[in-house]
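Participant: Quick one: sequence plus predicted model below, questions after.
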Number of protein chains: 2
Amino acid sequence: MIVTGVIFPVREAPIDIIALKSDMQARANSLRHQGKTIALVPTMGYLHEGHLSLMRLARDMADILVVSLFVNPTQFGPGEDLAAYPRNFDHDRELCMGEGVDILFHPEAGNIYEPGFQTFISLEKLPVYLCGASRPVHFRGVATIVTKLFNIVKPHVAVFGQKDYQQLMVIRRMVQDMDMDIRIVGGPIVREADGLAMSSRNAYLNSSQRPAALSLSRSLQQAQALLESGQTDVAALIASASHLILSFPETAIDYVAICDPDTLENIKAVTLPALMALAVRVGKTRLIDNTMLVPPQSATS
Amino acid sequence: MIVTGVIFPVREAPIDIIALKSDMQARANSLRHQGKTIALVPTMGYLHEGHLSLMRLARDMADILVVSLFVNPTQFGPGEDLAAYPRNFDHDRELCMGEGVDILFHPEAGNIYEPGFQTFISLEKLPVYLCGASRPVHFRGVATIVTKLFNIVKPHVAVFGQKDYQQLMVIRRMVQDMDMDIRIVGGPIVREADGLAMSSRNAYLNSSQRPAALSLSRSLQQAQALLESGQTDVAALIASASHLILSFPETAIDYVAICDPDTLENIKAVTLPALMALAVRVGKTRLIDNTMLVPPQSATS
């Protein structure tokens, strides 16, 4: 028998796909019983380089890396893009395998929210600002699903992207307020070469909308440049950003805000590092971006 | 040296008093790491035989028995008896030692609710009924503090009294909805010899109010007797109970209800086991009681 052209298969790391929360919780208990630490990266799938960067951060923080993939209905309001939200499970699974993910938790909505479900976690202040103004149930849904995922996956550490800055702040506050024994880590925004912040919703953009989408990151860069040139007035900085964004067709501003990075309350002048955050519709696609505006140090001015 | 009258001290079980949530959580982690199971009985102190019965139930369910003693401000509404709520820590500690409690967790409010606290857990349906109608923030406060205690003490099992039936239902539902990996056990109502349900608030009653306070348990007994004599109409059963209660001076009815024991929704006739629950003010003291009304089996009627 002559064997020719033997191809050794690429040995990908094994990955467990778990669909039921009861199975995931039992696995988490077993892992903790063995003394293993668990890191969780919660996602809604349609993974991109931004998600993968969070997985790489998390991979080094615990023995076992769990990625959850669940498009959570309770954080979408009426008329939002729940049904249209992009999905590609097979590709997501391959990307997770490439990052050394141990467990991909991929439940159905009917398993996560059982009949009679009626319990929600909500925050009184942080959700009032920024995205919460136009998405009134969004952060209640986020806080609720994240709490459920924490109780199901039982992580020691969980990693969230700073692109969803307000979400990260809501989760940090919730974890502190509820005494959840979980370390929360924020991962930096990952951008395309042209500056567009990575987002699953970028898949909605057609080629003519792409330049308009760039107005988000460009307006943030412009604000930092104006600040460095001496413009500290928030109203003026917001006016310049809005002018740039609206110079592109198909854009509509949801908000452009400069605020206290801890409380998210509006400020009048940038004398300390401040969060600049914006949400803009490009056609039907709602995009968000943010950056920390850092005023030039008074010592060097 | 002549020693006379040596008295060997009674060897009481050692009990750890823990005041800080960070210490309690660290202890819980250490215990779980050692493979120990933890049972929790949450209380507001001023312990009585009802609490002790819950401790005895819990004592047999886990290696380590933790009792929390915390008068939780967020479950009291404006004008309720937060400041006046009875307290006797030394006596409570002695009672806990007598029941073999391992850890008494006794935090200050400022340790439990830190500056900037803004996160609450609430349920959409169960709190609408019974006590929730006149105490609109009560069950939000209960669900929130119980979640915090669960995250601090990390119990495998927690025991609550059936006297606070609605509270027990709220906690069971919350635990299911939030995927909390904790077994919830309800302990039966403990009564004085005359039928009065044990309550820390019974301490408020003066001797002339005591007969009026007995109207609660008596009206429940009367309803069961009427049901057994063939009266299944809820309106008639409630009218009889109300008549009995209001025949005593100093009583004012908050509610008398007969409802579905799972949903707490009102029913019209008792054809299946039903919850009868009531809240009555005797002077300034608000008392509650409940029982399961069980219709005579059709097979034996």
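Facilitator: Here it is on my side, so go on.
Participant: What residues of the worst-scoring helix or strand of chain A on mean pLDDT count as buried?
Facilitator: None of the helices or strands of chain A scores lower by mean pLDDT, DSSP states H and E than helix A:131-134, at a mean of 90. The neighbour-count check on helix A:131-134 (16 or more other Cβ atoms under 10 Å in any protein chain shown) flags A:131-132 as buried. Backbone N, C-alpha and C define where each C-beta goes, glycine included.
Participant: just checking, what packs against it?
Facilitator: Counting contacts by 3 or more Cβ pairs under 8 Å, 6 or more residues apart in numbering or on different chains; DSSP states H and E, helix A:131-134 packs against helix A:138-153, strand A:251-259.
Participant: could I have the last one exported to CSV, CA atoms only?
Facilitator: So the one you mean is strand A:251-259. Listed next in CSV are the C-alpha coordinates belonging to strand A:251-259 (Å, rounded to 0.1, in the frame of the first residue of the first chain):
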residue,chain,number,x,y,z
THR,A,251,-26.2,61.3,8.5
ALA,A,252,-28.5,62.2,11.4
ILE,A,253,-27.2,62.9,14.9
ASP,A,254,-28.7,61.0,17.8
TYR,A,255,-26.3,62.8,20.2
VAL,A,256,-22.9,64.4,20.4
ALA,A,257,-21.8,64.7,24.1
ILE,A,258,-18.8,65.7,26.2
CYS,A,259,-19.3,64.6,29.7
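Participant: Run me through the strand neighbours of the next helix or strand after it, direction for each.
Facilitator: Sequence-wise, the next helix or strand downstream of strand A:251-259 (DSSP states H and E) is strand A:274-282. According to DSSP bridges, strand A:274-282 has the following sheet partners: strand A:251-259 (antiparallel), strand A:285-293 (antiparallel).
Participant: Those strands into a markdown table, with extra columns for mean neighbour count and mean pLDDT?
Facilitator: Formatted as a markdown table, those follow (neighbours: other Cβ atoms under 10 Å in any protein chain shown; pLDDT from 0 to 100):
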| stretch | mean neighbour count | mean pLDDT |
| --- | --- | --- |
| strand A:251-259 | 19 | 97 |
| strand A:285-293 | 21 | 97 |
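Participant: Can you lay out the ones you listed as a markdown table showing distance to A:Gly116?
Facilitator: A markdown table is the format used below for these (distance: least, Cβ to Cβ, whole Å):
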| stretch | distance to A:Gly116 |
| --- | --- |
| strand A:251-259 | 35 |
| strand A:285-293 | 32 |
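Participant: rewinding a little: nearest to B:Leu220, of the helices and strands packed on helix A:131-134?
Facilitator: Checking those against B:Leu220 by Cβ to Cβ gives helix A:138-153 as the closest, at 36.8 Å.
Participant: rewinding a little: turn the helices and strands packed on helix A:131-134 into TSV, including distance to B:Leu246.
Facilitator: TSV is the format used below for the helices and strands packed on helix A:131-134 (distance: least, Cβ to Cβ, whole Å):
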stretch	distance to B:Leu246
helix A:138-153	42
strand A:251-259	57
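Participant: quick one, what contacts the residue of the stretch 1-150 of chain A found nearest chain B?
Facilitator: Nearest to chain B, among the residues of the stretch 1-150 of chain A, is A:Thr119, at 3.7 Å (Cβ to the nearest Cβ). For A:Thr119, the contact set (Cβ atoms under 8 Å, 6 or more residues apart in numbering or on different chains) comprises A:144, B:121-124, B:143, B:173-174, B:177-178.
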